[in-house]
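Participant: One predicted model, sequence on top.
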Number of protein chains: 2
Amino acid sequence: MGKNALVGQSGGPTSVINASLYGVIKEAWAQEGIDKVYGMVHGITGLIEDDLVDLNLFKDENGAPTEDFELLKHTPAAYLGSCRHKLKDHSQMDIIFKQLEKYNIGYFFYIGGNDSMDTVNQLGKEAIARGLDIKMIGVPKTIDNDLAITDHTPGFGSAAKYVAASTREVMLDAEAYSKPQVTIAEIMGRHAGWLTAAAALAMEGKDSRGMMIYLPEVVFDMPQFCIEVTKRLETNPKLFIAVSEGLRFADGRFVCEGEAEAEKDSFGHATLSGCVKEMAHALRQVTKVKIRQVEFSTLQRSAAHCRSLTDMNESIMAGEAAVRAAIAGETQKMVCFVREAGDTYSISTQTADASQICNVEKTFPLEWITPDHFVTQDFFDYAKPLINGEPAMTYKDGLPQYVELKR
Amino acid sequence: MGKNALVGQSGGPTSVINASLYGVIKEAWAQEGIDKVYGMVHGITGLIEDDLVDLNLFKDENGAPTEDFELLKHTPAAYLGSCRHKLKDHSQMDIIFKQLEKYNIGYFFYIGGNDSMDTVNQLGKEAIARGLDIKMIGVPKTIDNDLAITDHTPGFGSAAKYVAASTREVMLDAEAYSKPQVTIAEIMGRHAGWLTAAAALAMEGKDSRGMMIYLPEVVFDMPQFCIEVTKRLETNPKLFIAVSEGLRFADGRFVCEGEAEAEKDSFGHATLSGCVKEMAHALRQVTKVKIRQVEFSTLQRSAAHCRSLTDMNESIMAGEAAVRAAIAGETQKMVCFVREAGDTYSISTQTADASQICNVEKTFPLEWITPDHFVTQDFFDYAKPLINGEPAMTYKDGLPQYVELKR
């Protein structure tokens, strides 16, 4: 009898993190070396608190995958539940490895971002130190696209598609009126501007001077911003400004810190929001033009109704590749995408040390930012293939159908 | 040689107002009694300022509809541009009727809401007073669903679908974490709660106590709200609160008036936003539960990527019916939908006096609101057919394709 596999999800949800879960489960079921597949409820905390589910719940009495299993790959957020849990001390390691032993786990898969890869790295190291044969593999996931080594991350393409499509629609809405109007949209991205830059994709075939992009990779200066915008309004009275939530002043303060309610998650990261409010307030001192604030909210990471088919398929592929890597004997690794050379977009997977991924943030290339606050063609070439295609969703009574974990 | 037709769009954009434009143009082209079809750029102001376009721009050299014409029915916002213009005095009437004579207009179509029907009514009356044979017909349009007599309005179904689908996705995002969380979403609707109520559609098959709905039809009381929410959190730690932007206190003040930046449009209506901020602030005084604010912004009226096929088809139908009514000799009317009796949803069109529509607001039925801040089955029966079906959109490089007026 083979070992069992364990899979969990961690960090912020995306609209395709469940597609990776689908990929892990499907490939694990197909592997003779793997017996059962368990899911951790709310990530590593589910393991610590003994809250696991047997993912055979996605099989019918004949062992065939259920309809719910197909819905899983279309369901946004984290089916198993997520967490933001930092491994604290050695007493937690003891509990974790006791649990892994209890469930006869030989393969551990963790779908997440930087912090989750830190977990994969620590657990993998600990397993080796304890002389245990448990393979620990990370599956990349983040709308922020800030993981090192991999060409891009599952989750980014769909979020980018949502941001670009929504930007296009919000711009059309503004263009309906004859009066000048500035729209400032706040887009997720704490330290990396990839997703904010995706707003540029809405400008394909249009005059890019109708958009200004402010990324966290560049120090923000409010007086300079006001000058730039009022100047741009002279030639472009309908202006869309895409702003990263993580914009900072030269002294390191977040632009949104005028907003008092900044919360911190358990990794100590500030929960940001509100820099558009500060920027709109400053602009109103220098222009009478109507200013509209837009926040794409959590929809930018959970709007499964506007996903990229490419992203969904690659997310499944990443999950499957993780299982094959573990079976091949790899551990302490994360699955990475490699973009093949040539005119036609295609990717393959490989693995990289989780230690090289965790606690590194891949920021937006400065050379892809133009002096007039737009992005170069390099970004279009990079990002366009990632938002391509639309998955065939199942609708019922006009709404997309999703599956939820029933306890 | 026949008379010409003139069509314009007015008021807030919707994701299907161009489908009605498509219907007007298509049917007008098909009518032998109509020669050319002109469009007013930015509504009635385009007529006053002599800014018209010949809509033969949607025909190729052989007189066949172009591909752009098909894209028109999928394009959100207002292709011709919109306006919020109140007819001021008789001097404007003289200009308008001089313009109508100049372009040999026999048929005038105006796609809009309450205020637009006021324009239709005034112009129709004036035409008769001047002894002119110009038929004036209104085509209903508003996401607010607040027009009298008609069963519902084009634009509502798609906005309702967007709100329900997005609510579902935002709720799944919140459910990914183990901690309690309140999400407060602000939804458009100045005096009528129809669109806010549409959030309820996301609860189909779920425990409705996970949602609380606050509509402008009911006086809002902040201390009472805080009590109700903290009590509900005891049984439902993941709570979604859907809030109309137009909530008011007993003294008539808007809840959002704590926000200083309330602007007014040229009809004197306040531009509302920010009541979720006031409500979140009040809640934070009484609970430590994480509170997330969501504003669906202008996407709720312009997200063509998440439209209702039923709504799109009915919007086209309303445009076509307006032309047929005008040809049949009607004037000063608005097209209305009548829901046929029987188990299967179907509608037909008729007309009603524009004077009976303008300046009347059809609010949400009080008897459809439950004491525990949800809606009755009546609303589900009413609204579910309206969000049904998904139009086949044209995507290019991962983004929906739309058409814009080029000048």
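Facilitator: Structure received.
Participant: contacting residues around residue A:170?
Facilitator: With contact taken as Cβ atoms under 8 Å, 6 or more residues apart in numbering or on different chains, residue A:170 is in contact with A:183, A:185, A:240, A:294, B:297-299, B:302. All C-beta atoms are positioned from the backbone trio N, CA, C, and that covers glycine.
Participant: Top of those by number of neighbours, please.
Facilitator: residue B:302 (30 neighbours; other Cβ atoms under 10 Å in any protein chain shown).
Participant: Tell me the pLDDT of residue A:268.
Facilitator: Note for residue A:268: predicted pLDDT of 51.
Participant: Same list, the contacts of residue A:170, but as a markdown table with distance to residue A:100 and pLDDT please.
Facilitator: Formatted as a markdown table, the contacts of residue A:170 follow (distance: Cβ to Cβ, whole Å; pLDDT from 0 to 100):
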| residue | distance to residue A:100 | pLDDT |
| --- | --- | --- |
| A:183 | 50 | 97 |
| A:185 | 44 | 96 |
| A:240 | 50 | 98 |
| A:294 | 45 | 91 |
| B:297 | 46 | 87 |
| B:298 | 50 | 91 |
| B:299 | 45 | 93 |
| B:302 | 50 | 95 |
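Participant: Which ones among these lie within strands?
Facilitator: A:183, A:185, A:240, A:294 (DSSP state E).
Participant: farthest pair in the residues you listed?
Facilitator: A:240 and A:294 (9.1 Å; Cβ to Cβ).
Participant: Residues in contact with both of the two, list them for me.
Facilitator: Contact criterion Cβ under 8 Å, 6+ apart; residues shared by residue A:240 and residue A:294: A:170, A:183, A:185.
Participant: Relative to residue B:347, which of the residues you listed is nearest.
Facilitator: residue A:170 (30.6 Å).
Participant: So the closest one, which state does it fall into?
Facilitator: Put simply, residue A:170 is helix when judged by DSSP: H, G, I helix; E, B strand; the rest coil.
Participant: Distance check, it against residue B:84.
Facilitator: 19 Å (Cβ to Cβ, to the nearest Å).
Participant: now residue A:245
Facilitator: 32 Å.
Participant: Repeat that for residue A:290.
Facilitator: 12 Å.
Participant: Could you check which of the two has the larger neighbour count?
Facilitator: Using other Cβ under 10 Å as the criterion, residue A:290 and residue B:84 rank with residue B:84 on top: 20 against 16.
Participant: So that one versus chain A, what's the distance?
Facilitator: 8 Å (Cβ to the nearest Cβ, to the nearest Å).
Participant: which stretches of chain A have low pLDDT?
Facilitator: A:1, A:258-273 (pLDDT under 70).
Participant: mind redoing it with 80?
Facilitator: Within chain A, the ranges that satisfy pLDDT under 80 run A:1, A:88-90, A:257-273, A:407.
Participant: What segments of it are helices?
Facilitator: Counting by DSSP state H, chain A has helices at residues A:17-30, A:44-48, A:67-72, A:90-102, A:114-129, A:156-175, A:194-197, A:222-235, A:275-284, A:299-302, A:309-327, A:377-383.
Participant: Pick the most deeply packed of those helices.
Facilitator: Among the helices of chain A, the stretch with the highest mean neighbour count (mean count of other Cβ atoms under 10 Å in any protein chain shown) is helix A:194-197, at a mean of 29.
Participant: Show residues contacting that helix.
Facilitator: A:143-146, A:156, A:159-160, A:163, A:187-189, A:213-215, A:242-244, A:300, A:364, A:368, A:375, A:379, A:383.
Participant: Please apply the same query to stretch A:118-135.
Facilitator: A:10, A:44, A:85, A:87, A:93, A:96-97, A:100, A:105-108, A:110, A:112, A:136-138, A:325-327, A:329-334, A:353-355, A:358-359.
Participant: okay, it in PDB with CA atoms only?
Facilitator: What follows is stretch A:118-135, C-alpha atoms only, in PDB (Å, rounded to 0.1, in the frame of the first residue of the first chain):
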ATOM      1  CA  ASP A 118       8.700  29.500   3.000                       C
ATOM      2  CA  THR A 119       6.500  26.800   4.600                       C
ATOM      3  CA  VAL A 120       7.400  24.300   1.900                       C
ATOM      4  CA  ASN A 121      11.000  25.100   2.400                       C
ATOM      5  CA  GLN A 122      11.000  24.800   6.200                       C
ATOM      6  CA  LEU A 123       8.900  21.600   6.200                       C
ATOM      7  CA  GLY A 124      11.100  20.000   3.500                       C
ATOM      8  CA  LYS A 125      14.200  20.800   5.500                       C
ATOM      9  CA  GLU A 126      12.700  19.500   8.700                       C
ATOM     10  CA  ALA A 127      11.600  16.200   7.000                       C
ATOM     11  CA  ILE A 128      15.200  15.600   5.900                       C
ATOM     12  CA  ALA A 129      16.500  16.500   9.300                       C
ATOM     13  CA  ARG A 130      14.100  14.000  10.800                       C
ATOM     14  CA  GLY A 131      15.100  11.400   8.300                       C
ATOM     15  CA  LEU A 132      11.600  11.200   6.900                       C
ATOM     16  CA  ASP A 133      10.700  10.400   3.300                       C
ATOM     17  CA  ILE A 134       8.100  13.100   2.700                       C
ATOM     18  CA  LYS A 135       8.300  15.100  -0.500                       C
END
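Participant: And it, how far out from the chain middle?
Facilitator: Mean C-alpha position of stretch A:118-135 versus that of the full chain (Cα atoms, centre = their mean, to the nearest Å) differs by 25 Å.
Participant: Could you do stretch A:279-290 as well?
Facilitator: Per Cα atoms, centre = their mean, the centroid offset for stretch A:279-290 relative to its chain is 32 Å.
Participant: what's the answer for stretch A:384-395, then?
Facilitator: For stretch A:384-395, the distance to the chain centre is 16 Å (Cα atoms, centre = their mean).
Participant: got the contact list for residue A:176?
Facilitator: Applying Cβ under 8 Å, 6+ apart to residue A:176 gives the contacts B:9, B:13, B:77-78, B:81-82.
Participant: swap that for residue A:182, sorry
Facilitator: A:229, A:233, A:239-241, A:283, A:287, A:289-292.
Participant: try it again with 6 Å
Facilitator: A:239, A:289, A:291 (Cβ atoms under 6 Å, 6 or more residues apart in numbering or on different chains).
Participant: Let me see the contact set for the residue nearest to residue A:306 when sequence neighbours are not counted.
Facilitator: Nearest residue to residue A:306, sequence neighbours excluded (Cβ to Cβ, 6 or more residues apart in numbering or on different chains): residue A:162, at 4.6 Å. Taking Cβ under 6 Å, 6+ apart, we find residue A:162 in contact with A:300, A:303, A:306.
Participant: Number of residues surrounding the second one?
Facilitator: The reference is to residue A:303. Neighbour tally, residue A:303, other Cβ under 10 Å: 30.
Participant: Now do it against residue B:306, distance only.
Facilitator: When residue A:303 is compared with residue B:306 (using Cβ to Cβ), they lie 9 Å apart.
Participant: Which residue, neighbours along the chain excluded, lies closest to residue A:46?
Facilitator: residue A:40 (3.8 Å).
Participant: ignore the last one, residue A:179
Facilitator: residue A:290 (6.3 Å).
Participant: picking up where we left off before, can you narrow the contacts of residue A:176 to ones near chain A?
Facilitator: B:13, B:77-78, B:81-82 (Cβ under 6 Å from any Cβ of the partner chain).
Participant: can you pick the most crowded of these?
Facilitator: residue B:78 (31 neighbours).
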